[in-house]
Each structure stands twice: as structure tokens, then as C-alpha cells.
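Chemist: from the sequence below, what's the structure:
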Amino acid sequence: MKKHMNLAIIVAIFIIPIMLYYSFKSTDQDTASIATGLRPTVIDFSSEMCMECRELKKVMDQVEPKYDKKIIFKKIMINSASSEDQKLVKKYEVKVVPTLVYLDKNGKVIKKTEGALPKEELERNFNRLINGKSS
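Modeler: Alright, predicted model coming up:
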């Protein structure tokens, strides 16, 4: 009887939490962490060494606060990106930096832009994203 009790305790303490973890873990974790279903998302793929990325950052720093409650902003520095972030680089086929990927509430790509953008164009893209319009 004691052996069965010890086995039950081991299962309860070690195996059940592991099973629960894997049952709730998303199979496409990189997308799950971005697409929240609450707001659209803009992923900014940049590099610290890139001059255009620095230009875009200055404009983004001006524009982001205006859209902070309406859009989720995620910045990925491709030089020091984690393995999960590297999966996103491949998934969204980022070939140049800076690249902005615009996702709707469901994580579907609405638009992708490359290079530094002027403030007016960024705001236009963000407004279209909020209103659910592509391009």
C-alpha cells in the first residue's frame, strides 16, 4: 500500500504539472505570444548597427505613444534575438532592416514595410491597421 501511495505522490508532484504545462502550451508559441486577440500588433525588426533603423526609431518614438492603447508594439533586435525571435524573423521572411510587420487581432499579416518611413506614412499605416484595412 505504501508503494502505491509513494507512486501517487510522485505522479501528483512531478508528472501532472509537466502534463498540464504541455497541454496548455501553444504549438505555435511565437505567434501566440504576439497575437493576443485584443489589439493589432506591429513587430519592428531592427538592428543597432543600422542607420535607417535609427531613423525609424526616432519616428516610432514620436508616434508610438499616440497608439499605445490601440496597438501592441514588439521590437526585435535581430542581432541579439532569442531563438523564439529568430523564428519570427524566418516566419515573416525578414530580409532587410528595418522591417515593420503589421498583424491584425488574429495574428494575420495585413502589411509589411521595409526601410525608414516618414511620420505621416506610419500614422496612416497604424490607422488603417486599427480600422482593419490592408494597404
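
Chemist: okay, Asn125: pLDDT?
Modeler: Per-residue pLDDT puts Asn125 at 97.

Chemist: got it, and Lys133?
Modeler: For Lys133, pLDDT reads 77.

Chemist: what of Leu7?
Modeler: pLDDT, read off for Leu7, is 57.

Chemist: please apply the same query to Arg128.
Modeler: With respect to pLDDT, Arg128 has a value of 96.

Chemist: surely it is within a helix?
Modeler: Yes. Counting by DSSP: H, G, I helix; E, B strand; the rest coil, one finds Arg128 located in a helix.

Chemist: before we move on, what SS does Lys75 have?
Modeler: Following three-state DSSP, we place Lys75 in the strand state.

Chemist: okay, and the beta partners of it?
Modeler: As for beta bridges, Lys75 partners with Asp44 under DSSP bridges.

Chemist: isn't it up against Ser46?
Modeler: Yes. Between Lys75 and Ser46 there is a contact under CB atoms under 8 Å: 6.6 Å. Yep, even glycine has a C-beta here, placed from its N, CA and C like the rest.

Chemist: ok, those two, which is more surrounded?
Modeler: Ser46 (22 against 13; other CB atoms under 10 Å).

Chemist: show me where the chain has helices.
Modeler: 2-10, 16-24, 29-32, 51-67, 83-91, 119-130 (DSSP state H).

Chemist: confidence-wise, which of those helices is weakest overall?
Modeler: What stands lowest among the helices of the chain, in mean pLDDT terms, is helix 29-32, with a mean of 44.

Chemist: residue contacts, the residue nearest to Val96 when sequence neighbours are not counted?
Modeler: Excluding the flanking residues, the one nearest Val96 by CB to CB, 6 or more residues apart in numbering is Glu114, at 5.1 Å. Taking CB atoms under 8 Å, 6 or more residues apart in numbering, we find Glu114 in contact with 95-96, 98-99.

Chemist: in the sheet, who's paired with Glu114?
Modeler: With DSSP bridges as the rule, Glu114 is bridged to Thr99.
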